[in-house]
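Chemist: What would the 3D arrangement of this be:
(2 chains)
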Amino acid sequence: DQQVKQNSPSLSVQEGRISILNCDYTNSMFDYFLWYKKYPAEGPTFLISISSIKDKNEDGRFTVFLNKSAKHLSLHIVPSQPGDSAVYFCAANGGSNYKLTFGKGTLLTVNP
Amino acid sequence: GAGVSQTPSNKVTEKGKYVELRCDPISGHTALYWYRQSLGQGPEFLIYFQGTGAADDSGLPNDRFFAVRPEGSVSTLKIQRTERGDSAVYLCASSLAGGPYEQFFGPGTRLTVL
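Modeler: A predicted model of the protein is given here:
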């Protein structure tokens, strides 16, 4: 069973507009959430994280929102740039070993 | 400073052979993780080291897989009697400590078993 779900395999947006990537989770023990970006032939690169005690975290163009009651989080990128085109993974952890559980990823394409 | 490095970047082997994959974490990071990523999937947890000891190896698929970190720094993932289903990208990550900190990933080793 997939504990972290990214239901949109792909998303295409115009440069300068907002990109919204969504993620749902089922495990109520998860208390820390992260977004990673991945380019082909490279490892995932950390983007932004949020603890379950918060509902929003912002870093430059990137904002992550957490809705604990809905077990849903989203990543907003404003304004989107062509260099943002990559696969975005949502990940979560909880418990004492801090292993990450990943979604399947969403391929974002930002068109010039 | 230097990031996480992994060698080799690519490994092609024949079914039944033994392979070793190496991970060099960021200096000072005590926590080290191995993940495996198959095509179209997100990375899946294999094993977690805190210092020299394997604190959680619940993600290792079977006893053909083994990992060590003898001095608390470099780690080696070992796969015996490789099977075609072992083909994947093997990712290593490190973090400051075993806590809710971001994990920094290496570029991965692409393993192909023919």
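Chemist: What segments of chain B are strands?
Modeler: B:5-7, B:10-13, B:19-24, B:31-37, B:44-50, B:53-56, B:65-68, B:75-79, B:88-95, B:104-105, B:109-113 (DSSP state E).
Chemist: How many residues are close by B:Gly51?
Modeler: Other residues within reach of B:Gly51 by the criterion other Cβ atoms under 10 Å in any protein chain shown amount to 15. All C-beta spots, glycine's among them, are computed from the backbone N, C-alpha and C.
Chemist: Sorry, wrong one. I was asking about B:Ala2.
Modeler: 8.
Chemist: Who are the contact partners of it?
Modeler: Counting by Cβ atoms under 8 Å, 6 or more residues apart in numbering or on different chains, B:Ala2 makes contact with B:26-27.
Chemist: Which residues of chain A lie near chain B?
Modeler: Counting by Cβ under 8 Å from any Cβ of the partner chain, chain A comes close to chain B at A:4, A:31-32, A:34, A:36, A:41-46, A:49, A:51, A:89, A:91, A:93, A:96-105.
Chemist: I figured B:Thr13 was touching B:Thr112, is that so?
Modeler: Yes - counting by Cβ atoms under 8 Å, B:Thr112 is a contact partner of B:Thr13 at 7.4 Å.
Chemist: Those two - which one has more neighbours?
Modeler: B:Thr13 (16 against 13).
Chemist: Geometric centre of chain B: which residue is closest?
Modeler: B:Trp34 (3.4 Å; Cα atoms, centre = their mean).
Chemist: Quick one: the strands of chain B as TSV, columns for mean pLDDT too.
Modeler: Below are the strands of chain B laid out as TSV (pLDDT from 0 to 100):
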stretch	mean pLDDT
strand B:5-7	97
strand B:10-13	97
strand B:19-24	98
strand B:31-37	96
strand B:44-50	94
strand B:53-56	90
strand B:65-68	97
strand B:75-79	98
strand B:88-95	96
strand B:104-105	95
strand B:109-113	98
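Chemist: Among the residues of chain A next to chain B, which lie within strands?
Modeler: A:4, A:32, A:34, A:36, A:45-46, A:49, A:51, A:89, A:91, A:93, A:101-102.
Chemist: Pull the most distant pair out of the residues you listed.
Modeler: A:Thr45 and A:Ser51 (20.1 Å; Cβ to Cβ).
Chemist: Who has more neighbours out of these two?
Modeler: Neighbours were counted for A:Thr45 and for A:Ser51 using other Cβ under 10 Å; A:Thr45 has more, 15 against 11.
Chemist: Number of residues surrounding the closest residue to the more buried one other than its chain neighbours?
Modeler: Nearest residue to A:Thr45, sequence neighbours excluded (Cβ to Cβ, 6 or more residues apart in numbering or on different chains): A:Lys37, at 5.1 Å. Counted with other Cβ under 10 Å, the neighbours of A:Lys37 add up to 21.
Chemist: end-to-end on stretch A:80-91?
Modeler: 21 Å (Cα to Cα, to the nearest Å).
Chemist: The residue lying closest to A:Gly95 once chain neighbours are set aside and B:Gln37: what is the separation?
Modeler: Once flanking residues are discounted, A:Gly95 sits nearest to A:Met29: 6.0 Å by Cβ to Cβ, 6+ apart. To B:Gln37, A:Met29 is 23 Å away according to Cβ to Cβ, to the nearest Å.
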